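Chemist: got a sequence here, can you model it:
(chains A and B)
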Amino acid sequence: MSLPAIAEKDFQDTVRSRGMLVLVALFSLLVAVFAYVFAPPGQQFATEFLLSAAVGPFLVTTLVPLVGVVVGYNAVSGERESGSLKLLLSLPHSRADVVFGKVVGRGAALSLAVFSGFLLPALVLLALSQLGYIQAFNVGSYLGYTVFAAVLGVVFVAIAVGCSAAATTQRQALIGGVAIYVLFVMLWGAVTGQFLGAAADAGLIDPLPVSRQQISVFLQVANPITGVELLSNAFLGDQLFSGEAVNQQISAVSMLVFWTIAPPLAGLWKFDADDL
Amino acid sequence: MTAIELRGVTKEFADVTAVRGLDLAVEEGEVYGFLGPNGAGKSTTIDMVLDLVRPTEGTVRVLGRDATADGVAIRKRTGVLPDGFAVYDRLSGRQHVEFAVRSKEADDDPDALLDRVGLLNDADRKAGGYSKGMRQRLALAMALADDPDLLILDEPSSGLDPAGAKEMREIVRTEADRGATVFFSSHILEQVEAVCDRVGILREGELVAEDSVEGLREAVGGEETLEIAIAGGDADGASDSAVEAVRDLDGVSRVDRDGDTLVVSCADGAKTRVIGALEDGGITVDDFHTREASLEDLFLAYTEGDAPGEGGEDVDGGNAAEGTDTADTADTADTADAVDDEEVSR
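Modeler: Reported below is the predicted structural model:
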């Protein structure tokens, strides 16, 4: 089992990249800007409102998937093109170890970036609340929300690594990465709507024991971005795994697990059969 | 047990057949030199041994296991210096070796491995700043981790200066003495000649010759080429008759005169008689040196399509110059040694 060795090496390699520093700085800066804009000194400050109304929609759901794709898209194809994959596979690693080691290593690196990026503004907010400039900075909500942001990042790393493993060249991997981002961030509703409409027209929905409405909701939640939004908002509203929407939450969790495992497996299926 | 065994292996890529019907057996404990010009299929063959590429037909067995099914188990006992690899630019030399040791679940001291390949002083530098030769040494250090049973070195001397190439050969020798099998590919003969027990020559995906170094040398004819500088002051008549006398000597197959230089192809034992005959004919020998028929001659004969032996004398100087700088340097050193030997024996 050499997956941990690859994960650790890839983590070390990734956190040393200059991009990681830029990432941490960017997160910190943007969170700080949002905190400033939404919490003018002396007014009521609500951590939950900051996160679910500002940081969530504007930062997490657009920037975190982008960063996940950027961190993951060259994981395997980049090594394949440069030749370091030859060095890696001359050691006793299976190709499955390589793909999943990359998911773990880069997922961990991205999580570190997200945590560091959220932590610096958190320290400032905490200090401000201690000094009485803002009221009641909720540390628990803030840290919990950071976990959801990191989870979303890891899911996109996994999707992008799967795409990278399937790609023969860096160029293909890049195109795949852009396609992933566009699909999940911009076109998901339109694409699934078309899909559902076509399925309904073809009479595929009626025989099923679920309504079109239910399938539509499921497809929305199947997008990891919507899934994480749903879960994080429930968390901030103290409704996580309780209340009316618990079924949706369970769907969201299972789809997040699916997106973390299935794309790397699909990529591995192609990668494992390739001549390198 | 056979360390590497290929049976009827063919590899077709979309546009080219890189290897066709290759049978190859490398016995345990031997140093096997795998030769061929660039593009002959050496790297494809090695990639199949390492399971980077899967054969279209035939079977590849390494250390008694199937290359594709048991790749991880094979590579656990194998050290590989790949060709055309890249390092992880942001990781230090030591981190690379630590990763190799950890991957093989070994307990080697990374610094000891780095010291063996002469990289210890640069161990903390990022490998992205290493020269080609240093990267080559780094990959060798990674390959040597866990005392592998089989060492596969693909063009190990590329990027190394002559001193580095010599160190590489010494490491190969040490590993072989320890009992490891070494499979060594190269397009430079001197590298292979110095360390290999057996040599196989690959041409256009097929094995065209396989023998010991001595066996291959005999196939070239076991002749030596003698270059003699004669004094220019002699009357042409006198020197012509002396040249004729040399030509008539037993063991001399060919004499060419180019101004003040005689090029004589002769059997190993005839050298002294050639010099003697010239001096008896009144010619002053200013200087001479010998060149042993090199494997290069045979290599070129096989890889360029001539039958072995025929091309002997013709395939000298000019073609040798086509080798790399490393090869040339080694060649010059050999010639200088030969001259020294002759002077001592006189």
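Chemist: which SSE is immediately downstream of the helix ranked longest in chain A?
Modeler: Longest helix in chain A, counting residues (DSSP state H): helix A:95-131. With elements assigned by DSSP states H and E, the helix or strand that comes after helix A:95-131 is helix A:139-166.
Chemist: list the buried residues for that following helix?
Modeler: Residues of helix A:139-166 classed as buried: A:141-142, A:145-146, A:148-166 (neighbour count, 16 or more other C-beta atoms under 10 Å in any protein chain shown). Just so you know, the C-beta spots here come from the backbone N, C-alpha and C atoms, and that holds for glycine as well.
Chemist: how about that helix, does it reach chain B?
Modeler: No. Helix A:139-166 lies apart from chain B when judged by C-beta under 8 Å from any C-beta of the partner chain; the minimum separation is 15.0 Å.
Chemist: what distance separates that helix from the middle of the whole chain?
Modeler: Distance, stretch centre to chain centre, for helix A:139-166: 3 Å (C-alpha atoms, centre = their mean, to the nearest Å).
Chemist: just want the angle from the next helix or strand after that helix to helix A:139-166.
Modeler: As assigned by DSSP H and E, the chain's next helix or strand after helix A:139-166 is helix A:170-181. With axes from the mean of the first three to the mean of the last three C-alpha atoms, to 10 degrees defining the directions, helix A:170-181 sits at 140 degrees from helix A:139-166.
Chemist: follow-up on the earlier one: specify the angle between the longest helix of chain A and helix A:139-166 in degrees.
Modeler: 160 degrees.
Chemist: now do helix A:95-131: which elements does it pack against?
Modeler: helix A:3-15, helix A:18-38, helix A:61-72, helix A:84-89, helix A:139-166, helix A:246-273 (3 or more C-beta pairs under 8 Å, 6 or more residues apart in numbering or on different chains; DSSP states H and E).
Chemist: now do the buried residues in that helix.
Modeler: Under 16+ other C-beta under 10 Å, the buried positions of helix A:95-131 are A:95-122, A:124-125, A:128-129.
Chemist: could you do stretch A:182-198 as well?
Modeler: For stretch A:182-198, by 16+ other C-beta under 10 Å, it's A:184-185, A:188, A:192, A:196.
Chemist: want to throw these into JSON lines with distance to chain B, pLDDT and secondary structure?
Modeler: Listed next are the buried residues of stretch A:182-198 as JSON lines, based on distance: C-beta to the nearest C-beta, whole Å; pLDDT from 0 to 100; DSSP: H, G, I helix; E, B strand; the rest coil:
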{"residue": "A:F184", "distance to chain B": "29", "pLDDT": "92", "secondary structure": "helix"}
{"residue": "A:V185", "distance to chain B": "29", "pLDDT": "90", "secondary structure": "helix"}
{"residue": "A:W188", "distance to chain B": "35", "pLDDT": "90", "secondary structure": "helix"}
{"residue": "A:T192", "distance to chain B": "37", "pLDDT": "89", "secondary structure": "helix"}
{"residue": "A:L196", "distance to chain B": "40", "pLDDT": "87", "secondary structure": "helix"}
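Chemist: from these, which two are the most distant?
Modeler: Based on C-beta to C-beta, the longest span within these runs between A:V185 and A:L196 and measures 19.5 Å.
Chemist: tell me the secondary structure for the closest residue to A:V253 other than its chain neighbours?
Modeler: Excluding the flanking residues, the one nearest A:V253 by C-beta to C-beta, 6 or more residues apart in numbering or on different chains is A:L231, at 7.1 Å. Using DSSP: H, G, I helix; E, B strand; the rest coil, the structure places A:L231 in helix.
Chemist: which ones are touching A:L231?
Modeler: Contact partners of A:L231, counting by C-beta atoms under 8 Å, 6 or more residues apart in numbering or on different chains, are A:148, A:240, A:249, A:252-253.
Chemist: of these, closest to A:L174?
Modeler: A:F148 (27.8 Å).
Chemist: quick one: contacts for the nearest residue to the closest one once chain neighbours are set aside?
Modeler: Of all residues not flanking A:F148 in the chain, A:S232 sits nearest, at 4.0 Å (C-beta to C-beta, 6+ apart). Each residue near A:S232 by C-beta under 8 Å, 6+ apart is listed here: A:51-52, A:56, A:60, A:145, A:148-149.
Chemist: then A:S211?
Modeler: If a contact means C-beta under 8 Å, 6+ apart, then A:S211 has no contacts.
Chemist: how about it, phi and psi?
Modeler: phi -90, psi 160 (degrees, to the nearest 10).
Chemist: A:G237 now?
Modeler: The phi and psi values for A:G237, taken as degrees, to the nearest 10, are phi -90, psi 10.
Chemist: I'd say A:T14 and A:V71 touch.
Modeler: Yes. Between A:T14 and A:V71 there is a contact at 6.8 Å, judged by C-beta atoms under 8 Å.
Chemist: anything in contact with each of these two?
Modeler: Common contact partners of A:T14 and A:V71 (C-beta under 8 Å, 6+ apart): A:106, A:109.
Chemist: got the domain boundaries for chain B?
Modeler: B:2-217, B:221-345 (automatic domain parsing).
Chemist: show me what from chain A comes close to chain B.
Modeler: Chain A comes close to chain B at residues A:2, A:5-6, A:9, A:12-13, A:16-17, A:79, A:82-84, A:86-87, A:89-94, A:275-276, as judged by C-beta under 8 Å from any C-beta.
Chemist: redo that, cut-off 6 Å
Modeler: A:2, A:5, A:9, A:13, A:16, A:82-84, A:86-87, A:90-92, A:94, A:275-276 (C-beta under 6 Å from any C-beta of the partner chain).
Chemist: can you pull out the helices in the stretch 1-150 of chain B?
Modeler: Assigned by DSSP state H, counting those that start in this stretch, the stretch 1-150 of chain B shows helices spanning B:42-49, B:71-76, B:93-103, B:110-116, B:132-144.
Chemist: kindly reformat those helices as TSV containing mean pLDDT.
Modeler: Output for these, formatted as TSV (pLDDT from 0 to 100):
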stretch	mean pLDDT
helix B:42-49	92
helix B:71-76	93
helix B:93-103	95
helix B:110-116	95
helix B:132-144	94
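Chemist: got JSON lines for those, with distance to chain A and mean neighbour count too?
Modeler: Below are the helices of the stretch 1-150 of chain B laid out as JSON lines (distance: least, C-beta to the nearest C-beta, whole Å; neighbours: other C-beta atoms under 10 Å in any protein chain shown):
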{"stretch": "helix B:42-49", "distance to chain A": "7", "mean neighbour count": "24"}
{"stretch": "helix B:71-76", "distance to chain A": "4", "mean neighbour count": "21"}
{"stretch": "helix B:93-103", "distance to chain A": "4", "mean neighbour count": "23"}
{"stretch": "helix B:110-116", "distance to chain A": "14", "mean neighbour count": "18"}
{"stretch": "helix B:132-144", "distance to chain A": "6", "mean neighbour count": "24"}
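Chemist: need those helices in TSV with distance to B:E193, can you?
Modeler: Formatted as TSV, the helices of the stretch 1-150 of chain B follow (distance: least, C-beta to C-beta, whole Å):
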stretch	distance to B:E193
helix B:42-49	17
helix B:71-76	29
helix B:93-103	30
helix B:110-116	24
helix B:132-144	20
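Chemist: who's in contact with B:D197?
Modeler: Residues near B:D197 by C-beta atoms under 6 Å, 6 or more residues apart in numbering or on different chains: B:30-31.
Chemist: can you pull the residues of the stretch 51-200 of chain B lying near chain A?
Modeler: Applying C-beta under 6 Å from any C-beta, we find that the stretch 51-200 of chain B lies next to chain A at B:52-53, B:72, B:75-76, B:80, B:82, B:84-86, B:88, B:90-91, B:99-100, B:102-103.
Chemist: let's see it at 8 Å
Modeler: The stretch 51-200 of chain B comes close to chain A at residues B:51-54, B:71-73, B:75-76, B:80-88, B:90-91, B:95, B:99-100, B:102-104, B:139, B:142-143, as judged by C-beta under 8 Å from any C-beta.
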